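Visitor: Predicted coordinates and the sequence they were generated for:
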Amino acid sequence: MYVKMGNNQTSTFLRFGAYSFDTHRLELWKKTERIPLKTQPARLLHLLLESAPETLSRQTLQEEIWNNGTTVEFDHGLNACVNQLRTALGDSASTPHYIATVPKRGYRLLPEVERVTHVPKSVGRKFAVGVFVMFGVVCLGGWSFLNANKNQTHLSIQETSPAYFEAMVKARRAFQESDPDSLIVSVEAYDQALSVFPGSNEAKGGKALAMVVLAGNKGFPVEQTYKNALILAEEIRQSDGPTTRSELVRGFVFLYHDWDVPAARKAFDLAVALGPDEAITHAWRAAVLAVQGERQAAAKESDIAVKLDPLSMAIAADRCWYLGAAGRYEEAVTACQWALDIEPDHSYTLMGLVPSLEKLGRVEDARKVLSHIASGVDKTASQDTDVSGQTLSQSEKLRAEYCKIADLLTPGAQQGKVALVPMAAFEAGCHRYERALGFLKQAKSGGESGALFYMIDPRFDQFRASDIGKQLDMTIAKRHS
């Protein structure tokens, strides 16, 4: 069940306890503060509010929120969903004030609900911009830093300061939203925390992670941003030795900036050893495994990541790709559908769905997905490719969709606004192999991150087997000393 959201429409607010919920935008508010909430916890809250005070069964929640037939992921997903919702509400399972667990049945909302309808105030909306590690773009896997100090037993005076605590909470919440604007807020909030407690390695690690993901955005030039992040990571290592965050930062820079794959593997292996219960360590280790051609290992690592954080859009979308690359096509389709349940119409996930559908012989389904992607690239583009007067097979129709998207994206690629590896993939799907070859050469020489994954990207299977594809050397070698 997808809840479609428009703009500037009258919203219904459901008030309960100290909170209110915008049913139109699926937003949780506490007075004038919007509480960050992912899509599925927001859907869960909406269902609980509309059903209060009745109990919602787990089966009902599966049918309403996870409607793609998945069951294994559902158990992990619902538990994580409830936990994240309780965290957002400041609630607990042991002494609930908002969400009660009804043993062997499900969940119900405890406070009374009041419905209020009015035109919402003009609030600047922020939409999460996924930064994905595979196949052309760089990824921020979702993970929680809200309990970053859970193993620390001795707190300094600075760490007990309200100003430090508030800055850290603000930084971590902004970081979880993952879009560039929120990441900038996160960096600024970490700076505020460091102004109170300059020696905080938690703040340094959080800031460094936000910086490496922001590299290349306005105000964060790549070279200087990576350099500054590495300085923070090294300060942490000199003070506390290697930590999960220091190694994540180092591995990220080694992989995506230096193309030093062995060094990145070493750093991510250590990050997993230090933080085995953090989803992001497994998600980023999966990336380097994929680059090294270890397809099954990458898929297995992404399985672990998604179990640790089933509601992360980035992790779910990457798993969709890794499973396809590993030849686990049925599972890949299910994983893609799972990711699309979190964020419908997500183009990166839709593109990951296409090659797995093709491999399963579901060519018409793959064509429909491509047609949908094309309509997202250009709202004026026809939902169906014009093949009037032609009798085309399903494969030829699929190829025509690839060509249409490639043609729509060409101007943007020429202006540097479209990543070159995805551009090459569309050209390869169109069987314009010479053009695909040109884009891939540019991507490699320019250090585009998607080039790292070329050898396992299923979109290039036919191209790699062609005479033109065999001319291309995409061997990954260290780019910087």
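Guide: Looks like it came in fine.
Visitor: what's the neighbour count on the residue nearest to residue 394 when sequence neighbours are not counted?
Guide: The shortest distance from residue 394 to any residue other than its chain neighbours is 4.2 Å, reached at residue 363 (C-beta to C-beta, 6 or more residues apart in numbering). C-beta coordinates here come from the backbone N, C-alpha and C atoms, glycine included. The number of residues packed near residue 363 is 16, by other C-beta atoms under 10 Å.
Visitor: which residues touch residue 363?
Guide: 357, 394, 395, 398 (C-beta atoms under 8 Å, 6 or more residues apart in numbering).
Visitor: let's see 6 Å
Guide: Residue 363 sits next to 394, 395, 398 when contact means C-beta atoms under 6 Å, 6 or more residues apart in numbering.
Visitor: Quick check: it vs residue 396, distance?
Guide: 10 Å (C-beta to C-beta, to the nearest Å).
Visitor: Any regions of the stretch 351-481 of the chain where pLDDT drops low?
Guide: For the stretch 351-481 of the chain, residues meeting the criterion pLDDT under 70 lie at 378-390, 480-481.
Visitor: And for the chain?
Guide: Looking at the chain by pLDDT under 70, you get 1-11, 32, 66-76, 117-160, 378-390, 480-481.
Visitor: Would you map the strands across it?
Guide: 11-16, 19-22, 27-30, 33-35, 56-57, 99-102, 106-109, 114-118 (DSSP state E).
Visitor: so which of the ones you listed gets nearest residue 195?
Guide: Of all those, strand 33-35 sits nearest to residue 195, with 22.3 Å by C-beta to C-beta.
Visitor: How is the protein partitioned into domains?
Guide: Listed domain ranges for the chain are 11-118, 158-335, 372-383+396-471 (source: automatic domain parsing).
Visitor: Among the ones you listed, single out whichever gets nearest to residue 479.
Guide: Closest to residue 479 of the domains of the chain is domain 158-335 (C-beta to C-beta; 4.4 Å).
Visitor: any idea how far that closest one is from the chain center?
Guide: 12 Å (C-alpha atoms, centre = their mean, to the nearest Å).
Visitor: residue boundaries of the helices in the stretch 301-450 of the chain?
Guide: 313-325, 329-342, 347-359, 363-377, 394-414, 420-429, 433-445 (DSSP state H, counting those that start in this stretch).
Visitor: tell me the most buried of these?
Guide: helix 313-325 (a mean of 29; mean count of other C-beta atoms under 10 Å).
Visitor: Counting by contacts, list what it packs against.
Guide: helix 295-308, helix 329-342, helix 347-359 (3 or more C-beta pairs under 6 Å, 6 or more residues apart in numbering; DSSP states H and E).
Visitor: Output those helices as JSON lines; include the columns distance to residue 231.
Guide: Below are these laid out as JSON lines (distance: least, C-beta to C-beta, whole Å):
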{"stretch": "helix 295-308", "distance to residue 231": "28"}
{"stretch": "helix 329-342", "distance to residue 231": "35"}
{"stretch": "helix 347-359", "distance to residue 231": "31"}
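Visitor: Out of these, flag the one nearest residue 176.
Guide: Here helix 329-342 is closest among the helices and strands packed on helix 313-325 (C-beta to C-beta), at 13.8 Å.
Visitor: on contacts alone, who are the packing partners of that closest one?
Guide: Applying 3+ C-beta pairs under 6 Å, 6+ apart, one finds that helix 329-342 contacts helix 313-325, helix 347-359.
Visitor: out of the ones you listed, nearest to residue 478?
Guide: helix 313-325 (23.4 Å).
Visitor: Tell me what angle the closest one forms with helix 347-359.
Guide: 20 degrees (axes from the mean of the first three to the mean of the last three C-alpha atoms, to 10 degrees).
Visitor: what about the residue nearest to residue 269 when sequence neighbours are not counted, neighbour count?
Guide: Among residues not flanking residue 269 along the chain, residue 285 sits closest, at 6.8 Å (C-beta to C-beta, 6+ apart). Residue 285 has 26 neighbouring residues, counting by other C-beta under 10 Å.
Visitor: just residue 213 next, same as before
Guide: By the measure other C-beta under 10 Å, the count of residues near residue 213 is 25.
Visitor: how about residue 458, what does it touch?
Guide: Residue 458 touches 324, 325, 355, counting by C-beta under 6 Å, 6+ apart.
Visitor: rewinding a little: wait, doesn't the residue nearest to residue 269 sit right on residue 272?
Guide: Yes - the pair residue 285 / residue 272 is scored as a contact, 5.3 Å apart, by C-beta atoms under 6 Å.
Visitor: can you tell which of the helices and strands packed on helix 313-325 is closest to residue 420?
Guide: helix 347-359 (14.8 Å).
Visitor: Off-centre distance for that closest one?
Guide: How far helix 347-359 lies from its chain's middle: 16 Å, per C-alpha atoms, centre = their mean.
Visitor: List of residues touching stretch 343-350?
Guide: With contacts defined as C-beta under 6 Å, 6+ apart, stretch 343-350 is touched by 2, 132, 313, 317, 320, 336, 339, 340, 369, 373, 376.
Visitor: Stretch 43-62 too?
Guide: Contacts for stretch 43-62 (C-beta under 6 Å, 6+ apart): 14, 21, 64-65, 74, 81, 85, 102, 105-109, 113.
Visitor: Just the buried residues out of those, in PyMOL syntax.
Guide: Buried residues within these, by 16 or more other C-beta atoms under 10 Å, are selected in PyMOL with:
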select buried, resi 14+21+65+74+81+85+106+107+108+109+113
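Visitor: distance of residue 353 from residue 338?
Guide: Taken as C-beta to C-beta, the span from residue 353 to residue 338 is 11 Å.
Visitor: just residue 306 next, same as before
Guide: 8 Å.
Visitor: Now do the shared contacts for the two.
Guide: With C-beta under 6 Å, 6+ apart, residue 306 and residue 338 have common neighbours residue 316.
Visitor: if we can go back for a sec, of the strands of the chain, which approaches residue 409 most closely?
Guide: It's strand 27-30; of the strands of the chain, that one is closest to residue 409 (C-beta to C-beta) at 32.7 Å.
Visitor: end-to-end on stretch 33-40?
Guide: End-to-end distance of stretch 33-40 (C-alpha to C-alpha, to the nearest Å): 20 Å.
Visitor: who's in contact with it?
Guide: So stretch 33-40 is in contact with 27, 28, 65, 81, 88, 173, 177, 311, 342, going by C-beta under 6 Å, 6+ apart.
Visitor: Please work out how many residues are found near the closest residue in space to the first one that isn't next to it in sequence.
Guide: If I follow you right, that is residue 27. Nearest residue to residue 27, sequence neighbours excluded (C-beta to C-beta, 6+ apart): residue 34, at 5.7 Å. When counting by other C-beta under 10 Å, one arrives at 14 neighbours for residue 34.
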